[in-house]
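Peer 1: Coordinates for the following, if possible.
(one chain, ligands or ions: 1)
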Amino acid sequence: MTNKEWYKNITDNQIRHKQVDYVDEILSDFPFENIKCIETGISQNIEDGAFGLYLARKVGNDGIYVGVDINENYVNEGKKLFKHYFPDNTNHHFICGDSVEFLKIRKDGYNLAHLDSYDLNIHNPFPSMLHHWNEFVELKDVMPIGSIVMIDDNFMKGTTVYWNHLYNGEFVRQEKVPITYDIIGKGTLIYHWVKEMSDEWELIGDHYNSVDNIKVIIRKKI
Ligand SMILES: C[S@@+](CC[C@H](N)C(=O)[O-])C[C@H]1O[C@@H](n2cnc3c(N)ncnc32)[C@H](O)[C@@H]1O
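Peer 2: Coordinates of the predicted model:
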């Protein structure tokens, strides 16, 4: 079974199914034999997609997967989830802490990153954008050529976001939010920087003409 088929079998999340199609295609010629993967915002909930499980399967036994999350409960849930699907693996590491602070002190030669921590608030997206930019700043100069960085939860212009309002964790109502900027999401600042200001990184993938929740995917130019 391919990594993509395996992942689709373990989650019903249709947005993640679409994402894994283009991610898997992009990673099909990933140039590194040993994948050193960092995920900010540990995958712990299979209904949310737990994209890190796909990444861990892609990493296999020879590389490493490192997850960092600020919430200790989620770190423990993540550990349990990975243990369930990969009972024999000893190359998965789970860190509790702020992702930017962690990346300041532990670079560890990552060549693949999935940035998916500080939650996006569609009505105030700037703190999330900035947090993910700060994560990228810690990685961009030290990652080797050919590295790939993916940033989750982005909506392109023309998308309607169905935003759920919650009160004390309970669903209250759904609001339709039209996206009128080029892109709103965790990766907004990284997207614009790569497109307009960087000679070193390039935007990759052909999935940006989309009205779904998408990953911004960039590569350090070869
Ligand atoms: C969207 S979830 C991660 C989902 C996961 N990557 C997946 O694919 O299923 C976001 C996670 O980021 C964590 N988080 C929020 N702020 C953070 C920060 N400053 N540093 C590290 N993790 C953070 C939250 O605790 C939460 O578990």
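Peer 1: rest of the way, CA atoms for contacts and neighbours
Peer 2: Noted.
Peer 1: tell me the SS of the residue of the chain positioned farthest from its centre?
Peer 2: In terms of distance from the mean C-alpha position of the chain, Val172 ranks first, at 27.7 Å (Cα atoms, centre = their mean). When classified by DSSP: H, G, I helix; E, B strand; the rest coil, Val172 comes out as strand.
Peer 1: how about the spatially most central residue of the chain, what does it touch?
Peer 2: In the chain, the centroid-proximal residue (Cα atoms, centre = their mean) is His114; its distance is 3.4 Å. Taking Cα atoms under 8 Å, 6 or more residues apart in numbering, we find His114 in contact with Cys37, Ile38, Glu39, Thr40, Gly52, Val149, Met150, Ile151, Asp152.
Peer 1: beta partners of it?
Peer 2: Going by DSSP bridges, His114 is paired in beta bridges with Glu39, Met150.
Peer 1: what residues does the chain put near the ligand?
Peer 2: 40-45, 48-52, 68-71, 74, 97-99, 116-119 (Cα under 6 Å from any ligand atom).
Peer 1: again, 8 Å this time
Peer 2: 39-46, 48-52, 68-71, 74-75, 96-100, 114-119, 131, 152 (Cα under 8 Å from any ligand atom).
Peer 1: Count the residues that sit near the residue nearest to Lys220 when sequence neighbours are not counted.
Peer 2: Among residues not flanking Lys220 along the chain, Trp201 sits closest, at 4.4 Å (Cα to Cα, 6 or more residues apart in numbering). Neighbour count for Trp201, taken as other Cα atoms under 10 Å: 22.
Peer 1: Now Trp201: phi and psi?
Peer 2: phi -120, psi 150 (degrees, to the nearest 10).
Peer 1: Helices along this structure, start to end?
Peer 2: 3-10, 14-26, 51-59, 72-85, 99-105, 126-140, 188-196 (DSSP state H).
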